[in-house]
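S.K.: got a predicted model here, sequence first, then my questions.
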Amino acid sequence: MIAGCGAVIHAGDIHTQKVLDEIAEVKKAEAPFFVVRGNADREWAAQLPLCERFSLAGVPFLLVHNKKDVPEDLGDCQIVICGHSHQYAEERKDGRLWLNPGSCGKRRFHQDITMAVLHLGSPEPDAWRVERIDIPHGTAGNEAAKMPSGDMLQTVEKILKKLEKGQTIPAAARELKLNPEFVEDVYRMKVNHPGISAREILDKIEIKETGR
């Protein structure tokens, strides 16, 4: 998909520099590449902007990671792209297109794996078409993170202690003998929701797992 696009846009939570390098290698040489830093992107991404304004085909864009960080004054911006929730969302409001392409990384519990292709056609909003791309869950590396068995609350508390000590996800998963994707989900919830308790994290995880 990326190889055939005239531009590539990434709304953050990239994970590693390797992802950016792979995108740059696959995309067309002349295709611009716009990317912002997500809240889960650490020191390696410090040089990336938190907000980016640009134009494609005469259409002004605003790119941020978290929708909450969109400035009140959007100026002439016609398309707002954000991420953060890892869930696909598309809305047209007041002549603007608001688009969250979702997440096309590893599957997180029962969430869909998605990306989007935006066909502009012309600067006129009526000519824009958004194509949602659903990636099969069985794709290698996209299996859902499985909840560990046993005392889940105690497991989450142990993971949070590792996080407080500054331990990396792979190291914490290895020491606790847990699925790294599960550990990453706990880490992410703690980072995204400062002050959240182990019980509250567990409740969120169980809701995702059961689909309630």
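M.R.: In hand now; what should we look at?
S.K.: going forward, measure contacts and count neighbours with C-alpha atoms only.
M.R.: Fine.
S.K.: am I right that Lys18 is in a helix?
M.R.: Yes - using DSSP: H, G, I helix; E, B strand; the rest coil, the assignment for Lys18 is a helix.
S.K.: against Ala45, how distant is it?
M.R.: Distance of Lys18 to Ala45, given as C-alpha to C-alpha, to the nearest Å: 11 Å.
S.K.: for Ala24, same thing?
M.R.: With C-alpha to C-alpha as the criterion, Ala24 and Ala45 are 16 Å apart.
S.K.: also Lys93?
M.R.: 32 Å.
S.K.: between the two, which has more neighbouring residues?
M.R.: Shown here are Lys93 and Ala45; by other C-alpha atoms under 10 Å, Ala45 has more neighbours (18 against 9).
S.K.: test my guess that the more buried one contacts Arg37.
M.R.: Yes - at 6.4 Å, Ala45 counts as touching Arg37 under the criterion of C-alpha atoms under 8 Å.
S.K.: shouldn't His65 be in contact with Arg37?
M.R.: Yes - counting by C-alpha under 8 Å, His65 touches Arg37, with 6.8 Å between them.
S.K.: overlap in contacts of the two?
M.R.: Ala11, Gly12, Asp13, Leu50 (C-alpha atoms under 8 Å, 6 or more residues apart in numbering).
S.K.: which residues touch the third one?
M.R.: This means Asp13. Arg37, Gly38, Asn39, Ala40, Asp41, His65, His84.
S.K.: now neighbour count and distance to Met115 too, for these, in JSON lines please.
M.R.: As requested, the contacts of Asp13 are exported to JSON lines (neighbours: other C-alpha atoms under 10 Å; distance: C-alpha to C-alpha, whole Å):
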{"residue": "Arg37", "neighbour count": "23", "distance to Met115": "18"}
{"residue": "Gly38", "neighbour count": "23", "distance to Met115": "16"}
{"residue": "Asn39", "neighbour count": "16", "distance to Met115": "19"}
{"residue": "Ala40", "neighbour count": "17", "distance to Met115": "19"}
{"residue": "Asp41", "neighbour count": "17", "distance to Met115": "19"}
{"residue": "His65", "neighbour count": "26", "distance to Met115": "15"}
{"residue": "His84", "neighbour count": "20", "distance to Met115": "13"}
